[in-house]
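J.: need a 3D model of the following:
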Amino acid sequence: MKRLALSSLVLLALCVPSFAGTGGEKENQTSVNSYATDNYDTVFFGGEVAIITVVGDGDTDLDLFVYDDNGNLVISDTGSTDVAGVSFVPSFTRRYSVQVKNLGSVYNVYTIRTN
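T.: Next comes the predicted model:
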């Protein structure tokens, strides 16, 4: 069953932009423009701890939001720095939308990590 789920995730990754949160730790370094939001699609397995961290370059405030596939806010970190992190345990395997919002007037280079 898990093998089928992983095959489906590979197919899903080929069809839509995503940042896979399953199958071990994933990391990406990128930048977000001033007053902009970066969006990631990811899948987390039910019953397994999902962890997302964001570490910026120190220039602006970055906020982190996670929404389920119905658009409901699951968890967020809206602190006043560009370091954010959340963790939760999904009830079942599903797709999530992860948003990194830059609240500052300049771009911010950040690393996002899931595991």
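
J.: wait, what's in contact with residue 69?
T.: Shown in contact with residue 69 (CB atoms under 8 Å, 6 or more residues apart in numbering): 94-97. C-beta: built from backbone N, CA, C; applies to glycine.

J.: and with 7 Å instead?
T.: Taking CB atoms under 7 Å, 6 or more residues apart in numbering, we find residue 69 in contact with 94-95.

J.: okay, it: pLDDT?
T.: Note for residue 69: predicted pLDDT of 95.

J.: number of nearby residues for the closest residue in space to residue 103 that isn't next to it in sequence?
T.: Of all residues not flanking residue 103 in the chain, residue 61 sits nearest, at 4.3 Å (CB to CB, 6 or more residues apart in numbering). Neighbourhood size, residue 61 [other CB atoms under 10 Å]: 17.

J.: residue 61 and residue 76, how far apart?
T.: 13 Å (CB to CB, to the nearest Å).

J.: quick check: which ranges of the chain have low pLDDT?
T.: For the chain, the stretches flagged by pLDDT under 70 are 1-24.

J.: for it, which segments count as strands?
T.: With DSSP state E as the criterion, the chain has strands at 26-32, 37-44, 50-55, 62-68, 73-77, 83-88, 94-102, 108-114.

J.: okay if I get those strands as CSV plus mean neighbour count?
T.: Below are those laid out as CSV (neighbours: other CB atoms under 10 Å):
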stretch, mean neighbour count
strand 26-32, 14
strand 37-44, 19
strand 50-55, 20
strand 62-68, 20
strand 73-77, 15
strand 83-88, 16
strand 94-102, 19
strand 108-114, 20
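
J.: now do the contacts for the closest residue to residue 104 other than its chain neighbours.
T.: Residue nearest to residue 104 in three dimensions, not counting chain neighbours: residue 60, with 2.4 Å by CB to CB, 6+ apart. When contacts are counted by CB under 7 Å, 6+ apart, residue 60 touches 82, 102-104, 106, 108.

J.: let's see 6 Å
T.: For residue 60, the contact set (CB atoms under 6 Å, 6 or more residues apart in numbering) comprises 82, 102, 104, 108.
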